[in-house]
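Trainee: need a structure here:
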Amino acid sequence: MLDYSVLDAVLDAAHIKYKTDEPMRLHTTFKIGGPADRFVSVENAEQLKTVLRALRENGMPYLVLGNGSNMLVPDDGLRGAVIVLDGEFKQISLTDDNTVLCGSGAMLAALCGFARSNTLTGLEFAWGIPGAVGGALYMNAGAYGGEMKQVVKRVFYMDEDGTQGVLSGDALGYGYRKSAFMGTGKIILKAELALSHGVETEISAMMDDLMQRRKSKQPVELPSAGSVFKRPEGHFAGALVEQCGLKGCTVGGAQVSEKHAGFIVNIGGATCADVEALIAHIQRVVMKETGVALEPEVRRVHL
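Mentor: Prediction:
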């Protein structure tokens, strides 16, 4: 049993906002997840450093949360602290004519809108991805032929001990849905993005077109965590799932989307256990019928 008295005292003394037993279903796009023991909002790097020190000294686990768009949170919730990057971490600005400095707490939608309003092109592919910038940088999010690695110049981060650093170029380790940040404990603070000047009407037209395509093909009207599985080499996960007759397959409140078989949707009251059982069933059936192993893209969080 964790003793939160010392952590709470530190947070109170530093005027850092936090909630107790916060339902994580309110903070994930799946609308699934039990309570987080502590839900902490930090406004700047100094506050983040203070929180990390207190957690480290008290042996408490933590999770840095963006928009909760690619994760599955357990039904019994999360121990330790969930940290949300707010305040300065949501700021977006220009550092020169075609370089955008964006905090990791900003939503991708806000970043794309900022780029469009400054007639900068290169981020249209991200319009409609329901995530925060930090999460997109962490997993090299992409869609419609574009990826974050195509526009990232430098990424600023904080280590677990509070020291800060910068990665750029090959050191970012970007590949398909992966980066050098995975498994390191490094927390992404902000990033510089190199874009190009374009024509606002053309940028808007492309963004509108991609959004229409997304809405027509994906189940955006229901809670989900986006694409459930990574793309297997030489295949499309959704096509394999559909080929195996699993469209509409349901476990509890979790269902393989009838609109796009690459998605699992929450049709009402779905639990983490429902989703996990459905994922395991899909993997078994697809492996048996096609010989292809599907690897989940959605991240199951343990704290």
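
Trainee: ok, now which ones touch Gly268?
Mentor: For Gly268, the contacting residues are Gly253, by C-beta atoms under 8 Å, 6 or more residues apart in numbering. Bear in mind the C-beta positions are built from the backbone N, C-alpha and C, glycine included.

Trainee: and what of Val199?
Mentor: Taking C-beta under 8 Å, 6+ apart, one finds Thr119 in contact with Val199.

Trainee: now Asp21, what's its secondary structure?
Mentor: strand (DSSP: H, G, I helix; E, B strand; the rest coil).

Trainee: For it, which non-adjacent residue is closest in space?
Mentor: Nearest residue to Asp21, sequence neighbours excluded (C-beta to C-beta, 6 or more residues apart in numbering): Pro35, at 4.2 Å.

Trainee: got it, and Ala194?
Mentor: Nearest-residue entry for Ala194: Lys153, 4.5 Å, with adjacent residues in sequence omitted and distances by C-beta to C-beta, 6+ apart.

Trainee: And the one you found, its phi and psi?
Mentor: phi -100, psi -50 (degrees, to the nearest 10).

Trainee: now swap in Leu246 and tell me
Mentor: phi -100, psi 0.

Trainee: quick one, what contacts it?
Mentor: Listed by C-beta under 8 Å, 6+ apart, the contact set of Leu246 reads Val256, Ala261, His281, Ile282, Val285, Val286.

Trainee: Tabulate the CA atom coordinates of stretch 69-79 in PDB.
Mentor: Written as PDB, here are the backbone C-alpha positions of stretch 69-79 (Å, rounded to 0.1, in the frame of the first residue of the first chain):
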ATOM      1  CA  SER A  69      -5.800   8.100 -27.400                       C
ATOM      2  CA  ASN A  70      -3.600   5.000 -27.800                       C
ATOM      3  CA  MET A  71      -3.900   3.300 -24.500                       C
ATOM      4  CA  LEU A  72      -5.900   0.800 -22.500                       C
ATOM      5  CA  VAL A  73      -6.200   1.400 -18.800                       C
ATOM      6  CA  PRO A  74      -7.000  -1.400 -16.300                       C
ATOM      7  CA  ASP A  75     -10.400  -1.600 -14.800                       C
ATOM      8  CA  ASP A  76      -8.900  -1.400 -11.300                       C
ATOM      9  CA  GLY A  77      -7.100   1.800 -12.200                       C
ATOM     10  CA  LEU A  78      -3.600   3.000 -11.700                       C
ATOM     11  CA  ARG A  79      -1.400   3.200  -8.600                       C
END
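
Trainee: now what about that stretch, what contacts it?
Mentor: With C-beta under 8 Å, 6+ apart as the criterion, stretch 69-79 contacts 2, 21, 24-25, 28-30, 32-37, 60-61, 63, 129-132, 135, 139, 225-226, 271-273, 275-276, 297-303.

Trainee: average pLDDT for that stretch?
Mentor: The average pLDDT within stretch 69-79 is 94.

Trainee: buried stuff in it?
Mentor: Neighbour-count burial for stretch 69-79 flags Ser69, Asn70, Met71, Leu72, Val73, Pro74, Gly77, Leu78, Arg79 (criterion: 16 or more other C-beta atoms under 10 Å).

Trainee: contacting residues for the closest residue in space to the fourth one that isn't next to it in sequence?
Mentor: Looking back up the chat, that one is Leu72. Once flanking residues are discounted, Leu72 sits nearest to Arg300: 4.8 Å by C-beta to C-beta, 6+ apart. Arg300 is in contact with Met71, Leu72, Pro74, Cys272, Glu276, counting by C-beta under 8 Å, 6+ apart.

Trainee: Many thanks, I have nothing further to ask.
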